[in-house]
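Asker: Next comes the sequence, and after it the predicted model I'd like to discuss.
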Amino acid sequence: MEQLIRCVNCDEVFLKTPFDQSPEYEPPPGQPESYRVIQKDDFEDFLKLHRDHRLEPLTILKDSFISEGLYHDPFRTSYFKATNGKEVFLIKRSRQDIHQPMRYQLIYGDYELKLLRLEAQSEAILKQWSFEFKKNPSLLERGETFLGIFQKVLHSLRIDQLERIDEESPSSLDIYYRLDDIGLAFLLRNCRNRFKGKDYSEVEGFIYRHKDDGVLLVKATYQIQIHEKVKTKKEVIPSLLPLEKQKAIQKKKS
């Protein structure tokens, strides 16, 4: 079971996990085929470093995680929120070396997502357009025309009024939205002005077939902005270490 621990005196945090006591294995010099076991206890090291300080557990707030970079990047920086029941803290998780554990930094403040750009799924739109209209010469060569109309519609959208869609993305900062009724009506009206007769009917069908899937979803790319606040004057903290005392009591009982 994981538990986030904060040193109240130093504002350092540690994530206690079942793997804190997992030994390390490294080959002795000149003996690459054999390994020596190096015992470790990361939590014990944390307790020694903060001896006579007051520690408290923090509860991680569900659905507060956000990451920079790609999900599969082992060096990506993540942020999440945690609380001691009185205050909410922002926690930064990062690492510089793949062989080292994640580092956690407590930040007084919060984060927000700043919209960088709103864009159409251009490649998906043109690919699907070519596939569906390959037997319709009057429409086949007008995929770029439709894409230009769709991109124009994006300028009229209000991101706070769009419905978020759980579309898979390699980054948590790329979020997909469905066109709202106003955006859809604007798209249809502009297409009606550029495509006539049967061609418009075909385009209208294309729009309704794909307004809810990955073809006509709108991609929003965000940036994480951290807003730190001035830390309030720290009260006098008594030399109290309840977690260490509890651990000592448990050792005596065992």
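Answerer: Thanks, I have the structure now.
Asker: Now do the end-to-end distance for stretch 71-86.
Answerer: Stretch 71-86 has its terminal residues 32 Å apart, counting by C-alpha to C-alpha, to the nearest Å.
Asker: for the record, mean pLDDT for it?
Answerer: For stretch 71-86, mean pLDDT is 93.
Asker: Any chance you could list what contacts it?
Answerer: Contact partners of stretch 71-86, identified using C-beta atoms under 8 Å, 6 or more residues apart in numbering, comprise 4, 6, 13, 56-61, 64-70, 88-96, 98, 110-111, 170-172, 224, 226. Backbone N, C-alpha and C define where each C-beta goes, glycine included.
Asker: Weed out the non-buried ones from those residues.
Answerer: 4, 6, 13, 58, 64, 66-68, 88-93, 110-111, 172, 224 (16 or more other C-beta atoms under 10 Å).
Asker: Quick check: buried residues in whichever strand or helix holds residue 138?
Answerer: Secondary structure assignment for residue 138, by DSSP states H and E: helix 137-140. Residues of helix 137-140 classed as buried: residue 139 (neighbour count, 16+ other C-beta under 10 Å).
Asker: I'd like the next helix or strand past it.
Answerer: Counting by DSSP H and E, what follows helix 137-140 is helix 143-154.
Asker: I'd like the mean pLDDT over the helix or strand following that next one, please.
Answerer: Next helix or strand after helix 143-154 toward the C-terminus (DSSP H and E): strand 163-165. For strand 163-165, mean pLDDT is 93.
Asker: now for strand 163-165, which elements pack on it?
Answerer: strand 174-178 (3 or more C-beta pairs under 8 Å, 6 or more residues apart in numbering; DSSP states H and E).
Asker: quick one, strands of the chain?
Answerer: 3-7, 13-16, 24-26, 36-38, 55-60, 66-67, 78-83, 88-94, 103-107, 109-120, 163-165, 174-178, 218-228 (DSSP state E).
Asker: To residue 209, which of these lies closest?
Answerer: strand 174-178 (13.8 Å; C-beta to C-beta).
Asker: which residues of the stretch 1-150 of the chain score low on pLDDT?
Answerer: Low-confidence segments of the stretch 1-150 of the chain (pLDDT under 70): 19-28, 30-40.
Asker: Tell me the buried residues in stretch 142-151?
Answerer: 142, 143, 146, 147, 149, 150.
Asker: roughly how far apart are the residue found closest to the last one once you drop the neighbours it is linked to in the chain and residue 191?
Answerer: The shortest distance from residue 150 to any non-neighbouring residue, by C-beta to C-beta, 6 or more residues apart in numbering, is to residue 120 (5.1 Å). Summarising the geometry, the distance separating residue 120 from residue 191, computed by C-beta to C-beta, to the nearest Å, is 14 Å.
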